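> Predicted model, plus sequence, below.
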Amino acid sequence: MDDSVARFRWLRVPALVTVVGLLVAACGTSSPTTSNLAKDQTLRVNIVTEPNSLDPGQQQYSYEGAIGASISEALLKIKPDLSDAAPATASSYTISSDGLTWTFKIRSNAKWSDGKPVTAADFVYAWQRILDPRLAASYADPYFVGTIAGAADYSNLDAVKDAAKIPAFLAGLGLSAPDASTFVVKLQAPTPFFKWIASLWMSAPVRKDVVDQYGSDKWATSANSLITNGQYKVSELVSKDHITLVPNTNYWGGQPTVTKIINYEISDDNQAYAKYLNGELDTVNVPLANTDLVKNDPKLKNEIKFVPQLTLFWMDFNTRKAPFNNKQARLAFSKAIDRNALTTNVLKGRSQPATFFIPKGMNGYRPDLGKSQDFDPAAAKTMLTQAVGDPSKITIDFLIRNITANKQIGEFIADQLQTNLGVKVNQVVIDSKTVTTRLRAHNYSLYVGGWGADYPDDQDWFDIWMTGSGNVFGGYSNPAYDALVKKADIEPDAKKRQDYYDQAQKILIDDAGGGFLYQRNYMFLVKPYVQGLTTTAQDFEDVGDWFWGKVSIGQH
Amino acid sequence: MALAQGAPPRGALISFKIPRGRGASLGLYIIRRILWLIPVLFFVITITFVLIHFAPGSPWDKEGKQLSAAVVRNLNAKYGLSDPFLVQYGRYLLNVLHFDFGLSFQYEDQPVSSLILKSWPPTAVIGALAFLMIVIFGIGTGVVAALRQNTWIDYIVVGFSTIGASTPAFVVGIILIIIFSVALYRITGSNFSLPTGDFALDQHLIMPVVTLSVLPIAFIARLTRASTLEVLRQDYVRTAWAKGLRERLVVTKHVLKNSLIPVVSALGPTFAVLITGSVIVESVFNIPGIGRAFVIAVSSRDYPMILATTILFSVVVALANLVVDLLYTVIDPRVRLG
């Protein structure tokens, strides 16, 4: 059951292990190729952007996740192949027969970076804190608000006006610690995906005495006061430049081989790429413009690491407006896009075409369901003409964020629609915040949106197309879809659950709730001396950043 | 004269008597100028406050995953954004009086003042170096061009300053990146490592500083050349030549002292150019300074950060102008403060 310990023992002696000819296709641990370790076990990576916060309760962005997941450890942790959540700070957990009570056993040897034991009370405090309206934590709703017993009232509590009611609300939550090593969570409904909530990096414990001593807003802003429970801890914080991690010597799982991780914050991908070539970074995201150059370079092409991500993009149709209030029109638009040309020419082969919703790497991946959106320009034009009349009379406001990559994709889509359907497309390229404001106000016709998995469970994906969802702006609504997803979300039987989700996906695709476009892949360069890199389809801003602890640096 | 009667004399804002004596009046002048900052800042704050609050997009509008309505409401409550506009404005003014510039929206709960303190050093170093370059090269080339008027040196300087004055900083920066990072990189293969503008205080300063100073150097060079040419035609300079003085003596003792008067007065506005330039240069070269912090703050609608940086910029420009005005009295005895 507890294979993370076994895997760790294996890691301690990577020098002695010689694995030959075992290649893992997309995900998994790549095998050590040399028995010689470098003297300097420093890993230098780029997290692109300075984390807005290192407080687990305040985190929300992928560029915060790499450090968040390294320094703070939740109850469970995703397995590299995403098949399950493995024990982490909790050594085991049990679910009551009604599915409403989850009991986690905290490891007796789990310790904070200052040596104090991690207790169940630390989890109670951390989760109450996330649900405290005064903290206004981004991930509170729906992940915690929608699952934990008593938390639904969060939506009715105002941080200022209802301040007096907040302590009672927090005390009434289904969170308890009967003893130091037992953390009990009561849920609103049977929640098969709750193991993923318990493995979110925001679900890590927080020390009340530390927060009280330094202040809720300050404890996570300096290396001294950042008392955390992960395999690594922060040793240095240099704003807008880098964050250095060193092993947490009190960590329950022993010590990692890499003794220092320098996370640079280089937002310009060309600059990061230059640093990789100069040997100042050990991994780097290949800039889109350099894709072909890297693929054809005799040396660099051997350092390519290609990892599909659980991230998928689609055309978001505003179904409140003509022509997208018409299902056939939406379907016609979906059929008018040549996804292969998009992924080959614009995205340089770094994405996979998709006419379906659930990306490769998840249980619900069913490319066969996407047939109704397959590229067929002739049929698309006929369909559109039949549905809403002469296409040349249609003008579409296409909202595009003012970011190079988005503009290139927008340009391609607009061209396809104009060429294949004969509609007029008005590209509205404006700054990102204004785009979001207009989306939220439904003031647009077309937009390219997407979703990246929070955790590899279908529920995280299907919920966003439910009626009234805030994450898809187009206002898609189909009662049959809603009913199926609601049933699936709480269905304990995995097979039945999958069946409901498949039916829901079929409805969504055939309704053209979105015109699905492509699944994103990461294309990274990794220095050959970086051994044991463990990538997942859920990596944050860098390949393998969930599992830095498994890496070692070979001689070079 | 009659018109001026009854009108308050300049500087009547502070109504105590100006004692005689140059030192004392200088002190008073400085105090008065600094006090004038208060209404200036008041208007800067008011205009900025109004503009950012009516800019489309809220700080909580994100790309990708959206915050739920309940979370947005709590964030608004936490940062006081649910109060009426005038209440927010009044509270902000009151806080600024206490030097409290609020908490940043983008970096959860971090005080704006500490964020600014963190990003100030790179901007100051680049700005100071650029200013030095401007003074040395701007004045230097201008004087040389004037002394060698209508020679090839003059044509080069005039040509360069015309191009320099008409090329925006972001173009200069990108051209430098192309030359040094792309072209030279191709020539030397992967051995060449001159940076595209990676930032550390001890290295990699060349390109940002050059980019930032090209335009002001061109401007100052043209100005210096023109005013030097004018001074060179004055009688006292002709007298100096006639006395048989060496060129160096004529230039340093007689020409420069007078020809630099308009140049010094132009150095004040140059400071403003450096600050607006830092916004562009730091974005092009990815420098973690205050200019880039400002750009990021604007694009993420971090109201307190935008306001605080604007206030800081205003204060710096105002103080630079004050220093220039004081310098003016030193080099030009005709000028009296008052």
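Sure, I can see it.

> Surely B:Ile275 and B:Val315 touch.
No. Contact criterion C-beta atoms under 8 Å: B:Ile275 and B:Val315 do not qualify, at 10.7 Å. Where you see a C-beta, it was placed from the backbone N, CA and C, and this is true even at glycine.

> Who has more neighbours out of these two?
Taking neighbours as other C-beta atoms under 10 Å in any protein chain shown, B:Ile275 and B:Val315 compare with B:Ile275 leading, 21 against 15.

> where's the more buried one relative to chain A, distance?
Counting by C-beta to the nearest C-beta, to the nearest Å, the separation of B:Ile275 from chain A is 19 Å.

> Am I right that that residue falls within a helix?
Yes. If the criterion is DSSP: H, G, I helix; E, B strand; the rest coil, then B:Ile275 is within a helix.

> Tell me the pLDDT of it.
Note for B:Ile275: predicted pLDDT of 86.

> got it, and A:Arg366?
We note a pLDDT of 95 for A:Arg366 in this prediction.

> Can you list phi and psi of it for me?
Backbone torsions for A:Arg366, taken as degrees, to the nearest 10, come to phi -140, psi 80.

> My read is that it contacts A:Leu508, right?
No. Judged on C-beta under 8 Å, A:Arg366 makes no contact with A:Leu508 at a distance of 11.4 Å.

> my guess is A:Pro205 contacts A:Asn229, does it?
Yes. Between A:Pro205 and A:Asn229 a contact is recorded at 6.0 Å, counting by C-beta under 8 Å.

> Name the residues contacting each of these two.
In terms of C-beta atoms under 8 Å, 6 or more residues apart in numbering or on different chains, A:Pro205 and A:Asn229 are both contacted by the residues A:72, A:89, A:118, A:122.

> so can I have CSV of those residues showing neighbour count?
Conversion of the shared contacts of A:Pro205 and A:Asn229 to CSV gives the following (neighbours: other C-beta atoms under 10 Å in any protein chain shown):
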residue, neighbour count
A:Ser72, 27
A:Thr89, 27
A:Val118, 25
A:Asp122, 26
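
> In strands only, show me those.
Using DSSP state E, no member of the shared contacts of A:Pro205 and A:Asn229 falls in strands.

> tally of neighbours for residue 169?
Assuming you mean chain A. Look at A:Phe169: counted by other C-beta under 10 Å, it has 19 neighbours.

> my bad, the chain I had in mind was chain B
Each residue near B:Ala169 was counted by other C-beta under 10 Å, and the total is 22.

> so where's the stretch 151-300 of chain B uncertain?
Applying pLDDT under 70 to the stretch 151-300 of chain B flags the ranges B:181-204.

> so which strand or helix has the residue of it found nearest chain A?
Nearest to chain A, among the residues of the stretch 151-300 of chain B, is B:Pro288, at 3.1 Å (C-beta to the nearest C-beta). Here B:Pro288 sits in a region with no helix or strand, counting by DSSP states H and E.

> For chain B, just list every one of the strands.
Going by DSSP E, chain B shows no strands.

> which one's the longest helix in it?
Secondary structure of chain B per DSSP state H: the longest helix is helix B:22-54.

> ok, the shared contacts of A:Pro205 and A:Asn229 vs B:Val263, which is closest?
Set against B:Val263, the nearest of these by C-beta to C-beta is A:Ser72 (57.6 Å).

> list the contacts for that closest one?
A:56, A:201, A:204-205, A:228-230.

> which residues touch B:Glu247?
Per C-beta under 8 Å, 6+ apart, neighbours of B:Glu247: B:Leu147.

> brain fart, A:Thr467
By C-beta under 8 Å, 6+ apart, the residues touching A:Thr467 are A:476-479, A:482.

> How about A:Gln213?
Shown here is A:Gln213, whose contacts under the criterion C-beta under 8 Å, 6+ apart are A:219, A:225.

> quick one: low-confidence ranges for chain A?
A:1-35.

> if you set the cut-off to 50 instead, what comes out?
Applying pLDDT under 50 to chain A flags the ranges A:1-32, A:34.

> Now list the buried members of the contacts of A:Ser72.
In the contacts of A:Ser72, burial by neighbour count holds for A:56, A:201, A:204-205, A:228-230, counting by 16 or more other C-beta atoms under 10 Å in any protein chain shown.

> ok so, going back, from the shared contacts of A:Pro205 and A:Asn229, which is closest to B:Pro121?
A:Ser72 (30.5 Å).

> now that closest one: how far from chain B?
Counting by C-beta to the nearest C-beta, the gap from A:Ser72 to chain B is 15 Å.

> My read is that A:Asp454 contacts A:Leu200, right?
Yes. A:Asp454 lies in contact with A:Leu200 (C-beta under 8 Å); the separation is 6.7 Å.

> what residues are shared contacts of those two?
Common neighbours of A:Asp454 and A:Leu200 (criterion: C-beta under 8 Å, 6+ apart): A:Tyr143.

> between the two, who's got more neighbours?
A:Leu200 (23 against 18).

> residues contacting the more buried one?
A:Leu200 makes contacts with A:74, A:139, A:143, A:454-455, as judged by C-beta under 8 Å, 6+ apart.

> how many other residues sit next to A:Ile261?
27.

> who does it bridge with?
Applying DSSP bridges to A:Ile261 yields these beta-bridge partners: A:Leu43, A:Leu245.

> so who does it touch?
With C-beta under 8 Å, 6+ apart, A:Ile261 has these contacts: A:42-45, A:70, A:232, A:244-246, A:548.

> If we use 6 Å, what do you get?
The contact partners of A:Ile261, taken as C-beta atoms under 6 Å, 6 or more residues apart in numbering or on different chains, are A:43, A:245, A:548.

> Also A:Asp458?
A:364, A:501.

> So which bits of the stretch 451-556 of chain A are right by chain B?
A:470-471 (C-beta under 6 Å from any C-beta of the partner chain).

> Specify the local secondary structure of the residue in the stretch 451-556 of chain A positioned nearest to chain B.
The nearest approach of the stretch 451-556 of chain A to chain B comes at A:Gly470, 4.7 Å away (C-beta to the nearest C-beta). Following three-state DSSP, we place A:Gly470 in the coil state.

> Could you count how many residues lie near the nearest residue to it once chain neighbours are set aside?
Spatial nearest neighbour of A:Gly470, excluding adjacent residues (C-beta to C-beta, 6 or more residues apart in numbering or on different chains): B:Gln66 at 4.7 Å. Counted with other C-beta under 10 Å, residues neighbouring B:Gln66 total 21.

> B:Leu212 too?
Neighbours around B:Leu212, by other C-beta under 10 Å: 29.

> Would you mind confirming that it makes contact with B:Thr276?
No. When contacts are counted by C-beta atoms under 6 Å, B:Leu212 is not listed as touching B:Thr276 (10.2 Å).

> circling back to that earlier point, would you turn the contacts of A:Ser72 into JSON lines with distance to chain B and secondary structure?
Shown next, in JSON lines, are the contacts of A:Ser72 (distance: C-beta to the nearest C-beta, whole Å; DSSP: H, G, I helix; E, B strand; the rest coil):
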{"residue": "A:Pro56", "distance to chain B": "12", "secondary structure": "helix"}
{"residue": "A:Trp201", "distance to chain B": "15", "secondary structure": "helix"}
{"residue": "A:Ala204", "distance to chain B": "16", "secondary structure": "coil"}
{"residue": "A:Pro205", "distance to chain B": "19", "secondary structure": "coil"}
{"residue": "A:Thr228", "distance to chain B": "16", "secondary structure": "coil"}
{"residue": "A:Asn229", "distance to chain B": "20", "secondary structure": "coil"}
{"residue": "A:Gly230", "distance to chain B": "19", "secondary structure": "coil"}
